[in-house]
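**Q** structure of the sequence below:
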Amino acid sequence: MSAIRRKINRIYDLLEGYFGDLGWWPAESEFEVVIGAILTQNTSWKNVEKAIEKLKKNDLVDPASIERKSVSNLSKYIRSAGYHRVKADRLKAISRFVLDECGGKLGRLKRRKTSVLRDKLLEVRGVGPETADSILLYALEMPVFVVDAYTKRIFLRHGLINGEARYEDVKTLVEKNFPREHEKLNQFHALLVETAKKFCRKKEAICDGCPLKAVL
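**A** Presented below is the predicted three-dimensional model:
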């Protein structure tokens with residue numbers, strides 16, 4: 001086992017031992033995960049939860065209902081998530097994609113080859129790599145790793161990447177050195193997010209008490 005592989009798996013083991021099973025992603029349906037992946041762009045999950053609750057109260061958590069709404073009408077329900085008109089447009093785009101690709105039955109996409117489906121998702125307006133991988137991992141249970149600013153921060157501070165590392169570089173690093181199992185990749189991303197929020201903060205790392213102090 002290479003030093004990088006040992007370090008990545010050591011990080012996972014330490015974090016899981018500290019936080020336990022985090023049970024991500026909180027949602028009542030696969031498409032609700034997709035909605036959350038769009039709405040969480042550039043905002044906090046608390047703001048997303050408020051928006052999703054309003055969508056639920058107005059029966060707007062399925063692709064057909066969202067696609068039928070105008071951008072201006074849909075945006076009223078998701079103001080708490082910020083950039084509400086932009087995100088309303090993106091929700092309509094991903095809804096049209098789901099309707100066109102699988103007749104609104106998201107589970108059918110699980111039969112597709114992951115790399116092909118990822119490429120198709122990246123063609124949807126407003127869907128970048130992080131959003132596409134979140135949909136693949138959390139909605140469709142495909143074995144991909146989701147990279148975000150939290151991941152990059154922790155990996156940079158622990159010498160796994162440099163400051164020039166791109167999204168695909170970090171994604172490949174993990175997928176080559178960590179089990180390609182959706183349950184573990186799901187948990188790993190969740191663990192890194194919680195660690196960054198609690199210990200590895202943007203302005204100042206709180207190393208005392210951090211479970212990753214052992215691998216510094």
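
**Q** residue 141 touches residue 110, doesn't it?
**A** Yes - in terms of C-beta atoms under 8 Å, residue 141 counts as a neighbour of residue 110; the distance is 6.9 Å. Just so you know, the C-beta spots here come from the backbone N, C-alpha and C atoms, and that holds for glycine as well.

**Q** got any ranges where this protein has weak pLDDT?
**A** Applying pLDDT under 70 to the chain flags residues 1, 216.

**Q** show me the helices in it, by range?
**A** Secondary structure of the chain by DSSP state H: the helices cover 3-19, 30-39, 45-57, 63-68, 71-75, 84-102, 114-122, 129-134, 149-157, 167-177, 182-198.

**Q** would you list the ones you listed in TSV and tack on distance to residue 204 and mean neighbour count?
**A** Compiled in TSV, those are given as follows (distance: least, C-beta to C-beta, whole Å; neighbours: other C-beta atoms under 10 Å):
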stretch	distance to residue 204	mean neighbour count
helix 3-19	20	16
helix 30-39	29	24
helix 45-57	22	16
helix 63-68	40	18
helix 71-75	36	16
helix 84-102	31	20
helix 114-122	35	15
helix 129-134	25	21
helix 149-157	11	18
helix 167-177	23	16
helix 182-198	12	20
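
**Q** can you add distance to residue 214 and give those back as CSV?
**A** Output for the helices of the chain, formatted as CSV (distance: least, C-beta to C-beta, whole Å):
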stretch, distance to residue 214
helix 3-19, 6
helix 30-39, 33
helix 45-57, 28
helix 63-68, 45
helix 71-75, 47
helix 84-102, 40
helix 114-122, 33
helix 129-134, 28
helix 149-157, 14
helix 167-177, 19
helix 182-198, 13
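
**Q** relative to residue 213, which of those is closest?
**A** helix 3-19 (9.1 Å; C-beta to C-beta).

**Q** just the angle between that closest one and helix 182-198, please?
**A** 70 degrees (axes from the mean of the first three to the mean of the last three C-alpha atoms, to 10 degrees).

**Q** next, the angle from helix 3-19 to helix 149-157.
**A** 120 degrees.

**Q** which helices and strands sit right next to helix 3-19?
**A** Contacting helix 3-19 under the criterion 3 or more C-beta pairs under 8 Å, 6 or more residues apart in numbering; DSSP states H and E are the following elements: helix 167-177, helix 182-198.

**Q** so residue 81 touches residue 39, yeah?
**A** Yes - Residue 81 lies in contact with residue 39 (C-beta under 8 Å); the separation is 4.3 Å.

**Q** any shared contact partners between the two?
**A** Residues within reach of residue 81 and of residue 39 at once, by C-beta atoms under 8 Å, 6 or more residues apart in numbering, are 47-48, 51, 87.
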